[in-house]
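Participant: sequence unknown, structure follows:
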């Protein structure tokens, strides 16, 4: 007999993940380590910590990254440099100065986030980690006054 799963728009990410894990348990499937941790932390997990966010300004990105790091969350810098995707965990971030801020990566490297980009922070529940990514680049149109 085929089971039909019903969910509604009002189901929270937290509740949806709990239902998925409970379904695995009832089916006799072994849970991963992250799923076991999720169950152990379930009462203290805040819904806002499970939400992915996109189209973030530099300032908002700085606030969210700092907030996640203060909560000891794992944030991976999935931005690109000249060598390709970085893929290294962020250990801390520097002060926001308006035009940029630096993130310090494990291993002593730094990366500069600039204000001409929009950023996204995605939460991957299966890995229990966040991914910092570029959403897109933008520029302002410069008007040149030609007085010839």
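Facilitator: Ah, there it is. In this text the structure is predicted, and so the values were computed from the model without any measurement.
Participant: what about residue 71, distance to residue 36?
Facilitator: Using C-beta to C-beta, to the nearest Å, residue 71 is found at 20 Å from residue 36. Using the backbone N, CA and C atoms, a C-beta is placed for each residue, glycine as well.
Participant: Have a look at these two and say which one is more surrounded.
Facilitator: Using other C-beta atoms under 10 Å, the more surrounded residue of residue 71 and residue 36 is residue 36, with 12 against 9.
Participant: Would you list the phi and psi of the more buried one?
Facilitator: With angles defined as degrees, to the nearest 10, residue 36 sits at phi -60, psi -40.
Participant: Tell me the spacing between it and residue 91.
Facilitator: 26 Å.
Participant: Any chance you could list what contacts the worst-scoring helix or strand of the chain on mean pLDDT?
Facilitator: Lowest by mean pLDDT, DSSP states H and E among the helices and strands of the chain is helix 33-41, with a mean of 87. By C-beta atoms under 8 Å, 6 or more residues apart in numbering, the surrounding residues in contact with helix 33-41 are 17-18, 21, 24, 31, 45, 125-128.
Participant: how about a cut-off of 6 Å?
Facilitator: With C-beta atoms under 6 Å, 6 or more residues apart in numbering as the test, helix 33-41 has contacts from 21, 128.
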